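In: what would the 3D arrangement of this be:
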Amino acid sequence: MSKQYESEITKFLNQYKQEHPGTEQRQREGRALLWDKPIDAEQHDGFRAARVPLEPYVYYYQSY
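Out: Numbering: from 1, shown residues only. Predicted coordinates for the structure are as follows:
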């Protein structure tokens with residue numbers, strides 16, 4: 001593929017970003033709402049310690 005090739009999607013996105021200059025900033029703010037959070041190591045260790053091991057095949061139903 002040529003380095004000069006630009007897909008229709010890439011062209012559309014570049015044009016959209018030019019027409020809507022705040023798009024990338026809003027994307028970063030939206031990501032920060034859910035994903036970019038500090039992790040509390042002590043709480044994380046508690047979650048890991050409280051984990052219950054699953055049986056090898058969780059969908060297996062054994063009637064008693």
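In: going forward, measure contacts between C-alpha atoms and count neighbours the same way
Out: Noted.
In: tell me which residue lies nearest the centroid of this protein.
Out: For the chain, residue 35 is the residue whose C-alpha lies nearest the centre (Cα atoms, centre = their mean; 7.0 Å).
In: measure that one to residue 45 for me?
Out: As defined by Cα to Cα, to the nearest Å, residue 35 lies at a distance of 19 Å from residue 45.
In: for residue 39, same thing?
Out: From residue 39 across to residue 45, the span is 11 Å (Cα to Cα).
In: element containing residue 42, please.
Out: Secondary structure here is read from DSSP states H and E; on that basis residue 42 sits in helix 41-49.
In: got the CA positions of that helix in PDB?
Out: Presented in PDB, the C-alpha positions along helix 41-49 are these (Å, rounded to 0.1, in the frame of the first residue of the first chain):
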ATOM      1  CA  ALA A  41      -3.600  -0.700  45.600                       C
ATOM      2  CA  GLU A  42      -5.000  -1.700  49.000                       C
ATOM      3  CA  GLN A  43      -8.500  -2.000  47.700                       C
ATOM      4  CA  HIS A  44      -7.300  -3.900  44.600                       C
ATOM      5  CA  ASP A  45      -5.500  -6.400  46.900                       C
ATOM      6  CA  GLY A  46      -8.700  -6.900  48.900                       C
ATOM      7  CA  PHE A  47     -10.700  -7.600  45.700                       C
ATOM      8  CA  ARG A  48      -8.000 -10.100  44.600                       C
ATOM      9  CA  ALA A  49      -8.100 -11.900  48.000                       C
END
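In: now that helix: average pLDDT?
Out: Confidence for helix 41-49, expressed as mean pLDDT, is 93.
In: how far is it from where the chain is centred?
Out: Taking Cα atoms, centre = their mean, to the nearest Å, the mean C-alpha location of helix 41-49 is offset from the chain mean by 21 Å.
In: next one: stretch 31-42
Out: If you compare the mean C-alpha spot of stretch 31-42 with that of the full chain, they lie 12 Å apart, counting by Cα atoms, centre = their mean.
In: good, we can wrap up now.
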